[in-house]
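Undergrad: How does the following fold in three dimensions:
(one chain, ligands or ions: 1)
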Amino acid sequence: MVIDLTQDEQKLVEHAKEEVILYNKIRHKKGGIDTLYSFLISDGGMIHDGACFEPNIAQATVCAERHAIQNMILKESYKAKIKSIVVADPVPSVQERGTPPCGTCRHLIWEFGTPETTVILMQYIQGKTGWTFPKIEKFSIQELYPHPYEPKEGLWDNFVPE
Ligand SMILES: [Zn+2]
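TA: Next up is the predicted model:
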């Protein structure tokens, strides 16, 4: 399948492929298994990585997308915007549709992006000799979240330093 990617998206997808392999190798060495990762490129051109965090209390779970967004905010402040975000999900075989972000993450991608922000669903498969990336799909966040919840203002908007 051929999909149109911008230069930034292409850079992000290449980064994602390399890091999925790197992080999975680290996990496997310690007896872990593949997980869902997320990678984003900001309007400042920086790339931020995230992985699903699954501790032993369910309510403390953090999605990979949120981890990547939090890294963007840590390194670039709340003023940074997501240009494009990859969701890289391990699958046993090629699926009709890649895993889209959950509802909360769709909202956060909307909040920290623009209507044109793209969401790239990347399926990856672990084989005997390594990992392959058989399918990617691209959506705009507007397509995935057409009727956003829009609270008046975030805390950050009201913040006035003393
Ligand atoms: Zn989520």
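Undergrad: How about residues contacting stretch 126-135?
TA: 1, 17, 20-21, 24, 34, 90, 94-95, 98, 122-125 (Cβ atoms under 8 Å, 6 or more residues apart in numbering). To be clear about C-beta, it is placed using only N, CA and C from the backbone, and glycine gets the same treatment.
Undergrad: In ChimeraX, select just the buried ones from those.
TA: Selecting the buried subset of these in ChimeraX, with 16 or more other Cβ atoms under 10 Å as the burial test, is done by:
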select :17,20,24,34,90,98,122,123,124,125
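Undergrad: now, which of the contacts of stretch 126-135 sits nearest I82?
TA: Closest approach between the contacts of stretch 126-135 and I82, by Cβ to Cβ: M122, at 15.8 Å.
Undergrad: so how far is whichever strand or helix holds that closest one from its chain's centroid?
TA: Using DSSP states H and E, the element containing M122 is strand 118-127. In terms of Cα atoms, centre = their mean, to the nearest Å, the centre of strand 118-127 is found 10 Å from the chain centre.
Undergrad: Kindly list the longest helix within this structure.
TA: In the chain, taking DSSP state H as the definition, the longest helix is helix 7-29.
Undergrad: Pull out the buried positions in it.
TA: D8, E9, L12, V13, A16, K17, E19, V20, Y23, N24.
Undergrad: From those residues, pick the one nearest the ion.
TA: Set against the ion, the nearest of the buried residues of helix 7-29 by Cβ to the ion is A16 (16.9 Å).
Undergrad: can you pull the contacts of the residue lying closest to A80 once chain neighbours are set aside?
TA: Distance criterion Cβ to Cβ, 6 or more residues apart in numbering; nearest residue to A80, sequence neighbours excluded, is S42 at 4.7 Å. Counting by Cβ under 8 Å, 6+ apart, S42 makes contact with H48, M72, E76, A80, K81, I82, K83.
Undergrad: Can the strand holding M122 be said to contact the ion?
TA: No. Strand 118-127 stays clear of the ion (Cβ under 5 Å from the ion), getting no nearer than 11.6 Å.
Undergrad: Let me have the contacts of S42 in JSON lines, extended by pLDDT, secondary structure and neighbour count.
TA: Converted to JSON lines, those look like this (pLDDT from 0 to 100; DSSP: H, G, I helix; E, B strand; the rest coil; neighbours: other Cβ atoms under 10 Å):
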{"residue": "H48", "pLDDT": "98", "secondary structure": "strand", "neighbour count": "22"}
{"residue": "M72", "pLDDT": "98", "secondary structure": "helix", "neighbour count": "25"}
{"residue": "E76", "pLDDT": "98", "secondary structure": "helix", "neighbour count": "16"}
{"residue": "A80", "pLDDT": "98", "secondary structure": "coil", "neighbour count": "20"}
{"residue": "K81", "pLDDT": "98", "secondary structure": "coil", "neighbour count": "15"}
{"residue": "I82", "pLDDT": "98", "secondary structure": "strand", "neighbour count": "25"}
{"residue": "K83", "pLDDT": "98", "secondary structure": "strand", "neighbour count": "20"}
